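Asks: need coordinates for the below:
(one chain, ligands or ions: 1)
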Amino acid sequence: MAARGRRTRAAPNEIPKERPRFRDHAPEDFPFPDLNPHLKAHLTFGPPVLTATQAAAYYGRWSEAYGREAPLVVEIGAGNGFFLTATAAQHPEWNLLGVEIRYKRIMMIAKKLVAAKADNARICRYDAWYTDDLFTDGSVHGLWVNHPDPWPKDRHEKNRLLTRTFLEEAVRILAPGGFLHVKSDTRYNVDRVATFIDRDLDGNALPPLPLEIVGRSDDVTTGDAPWPDDIETNYQKKFRLKGEPVYAIAVRRR
Ligand SMILES: C[S@@+](CC[C@H](N)C(=O)[O-])C[C@H]1O[C@@H](n2cnc3c(N)ncnc32)[C@H](O)[C@@H]1O
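Replies: Numbers count the residues shown, from 1 in each chain. Below you'll find the predicted structure:
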């Protein structure tokens, strides 16, 4: 998400000359792919799975991954794929892309998408910190972040996805009028989104980002989501069954 120079990109079916970063390696570089059967499986599964190299090659041309022009909506940290699969059915007018880091989950998601015949959805193995490898300015219609990893301790701050830098990146990739929707089992995560629009965590003013809060909820599990027809995620279900609230915030790119 940090500002970095862009690279020359190869066509999606070519190996890019410069491979996408993934903690400075392409995942395909992993020296012993037999050690992780899910890693191996994701390399050969084909659509809807996109390896990191394939995903980065769609930079600036995502419509080619779907064979049609449609608004691109991205889910960060797609988990086991319930949300992505159901959203693909709820919104056939969108091209949906899940971004997930764990191979086993990639394969779970892929199988769900295939079973549901969700032709408008893809799942890519990528690190969500590097969305600048994937998306050109203003090319994303919507962004979902559902239950990002909590990192509850203060010393975990550097690991938390929802930062000012993340919001700046959302502003860069979202088209005007595009949305950022966040759900979390901690109020803290939702508050961070609201805060970082124009402040740091100490309350100091920052240059306001062109984002407006259009809705918030202190518990979407009661049917009070700030968007219509909320789809329950796997983690959301766990918290609902425990009787615990799930917080949400809906933000619009001006
Ligand atoms: C707490 S789980 C939530 C899963 C799902 N969104 C849900 O609500 O049920 C967080 C998910 O984010 C994924 N994740 C964590 N860090 C990531 C990263 N840097 N890039 C992509 N995915 C990531 C994890 O592998 C996991 O699937």
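Asks: the residue with the largest distance to the centre of the chain and the ligand, how far apart?
Replies: Computed with Cα atoms, centre = their mean, the residue of the chain farthest from its C-alpha average is N204, at 28.1 Å. Relative to the ligand, N204 is positioned 27 Å away (Cβ to the nearest ligand atom, to the nearest Å). (Each C-beta comes from the backbone N, C-alpha and C, glycine too.)
Asks: what distance do you get for that residue to I173?
Replies: In this view, N204 and I173 are 26 Å apart by Cβ to Cβ, to the nearest Å.
Asks: and the residue minimising distance to the centre of the chain, what are its bridge partners?
Replies: Centrality entry for the chain: nearest residue to the mean C-alpha point is I76, 1.7 Å, by Cα atoms, centre = their mean. As for beta bridges, I76 partners with V99, V145 under DSSP bridges.
Asks: count the residues that sit near D154.
Replies: 6 (other Cβ atoms under 10 Å).
Asks: could you pull out the strands for the stretch 51-200 of the chain?
Replies: For the stretch 51-200 of the chain, the strands defined by DSSP state E, counting those that start in this stretch cover 72-76, 95-100, 121-125, 140-146, 174-184.
Asks: which helices and strands does the first one pack with?
Replies: For strand 72-76, the packing partners by 3 or more Cβ pairs under 8 Å, 6 or more residues apart in numbering; DSSP states H and E come out as helix 82-90, strand 95-100, strand 140-146.
Asks: who touches the first one?
Replies: With Cβ atoms under 8 Å, 6 or more residues apart in numbering as the contact definition, helix 82-90 has outside contacts at 73, 75, 78, 94, 96, 98, 109, 112-113, 116, 118, 120-121, 123, 144, 146, 229, 231-234.
Asks: filter these down to the ones near the ligand?
Replies: 146, 233-234 (Cβ under 6 Å from any ligand atom).
Asks: just the endpoints, please. Distance across stretch 220-235?
Replies: Stretch 220-235 has its terminal residues 12 Å apart, counting by Cα to Cα, to the nearest Å.
Asks: and that stretch, what's buried?
Replies: 220-221, 225-227, 230-233, 235 (16 or more other Cβ atoms under 10 Å).
Asks: quick one on the thing from earlier: now the residue farthest from the centre of the chain: how far from I249?
Replies: Taking Cβ to Cβ, one finds N204 at 21 Å from I249.
Asks: next: M108.
Replies: From M108 across to I249, the span is 27 Å (Cβ to Cβ).
Asks: ditto for N95
Replies: 24 Å.
Asks: ok, now which ones touch T221?
Replies: By Cβ under 8 Å, 6+ apart, T221 lies in contact with 236, 239-240, 245-246.
Asks: just among those, which is most surrounded?
Replies: V246 (28 neighbours).
Asks: how about the helices and strands packed on strand 72-76 in JSON lines, adding mean neighbour count, distance to A194 and mean pLDDT?
Replies: Shown next, in JSON lines, are those (neighbours: other Cβ atoms under 10 Å; distance: least, Cβ to Cβ, whole Å; pLDDT from 0 to 100):
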{"stretch": "helix 82-90", "mean neighbour count": "21", "distance to A194": "22", "mean pLDDT": "98"}
{"stretch": "strand 95-100", "mean neighbour count": "27", "distance to A194": "23", "mean pLDDT": "98"}
{"stretch": "strand 140-146", "mean neighbour count": "23", "distance to A194": "14", "mean pLDDT": "98"}
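Asks: nothing else from me, thank you.
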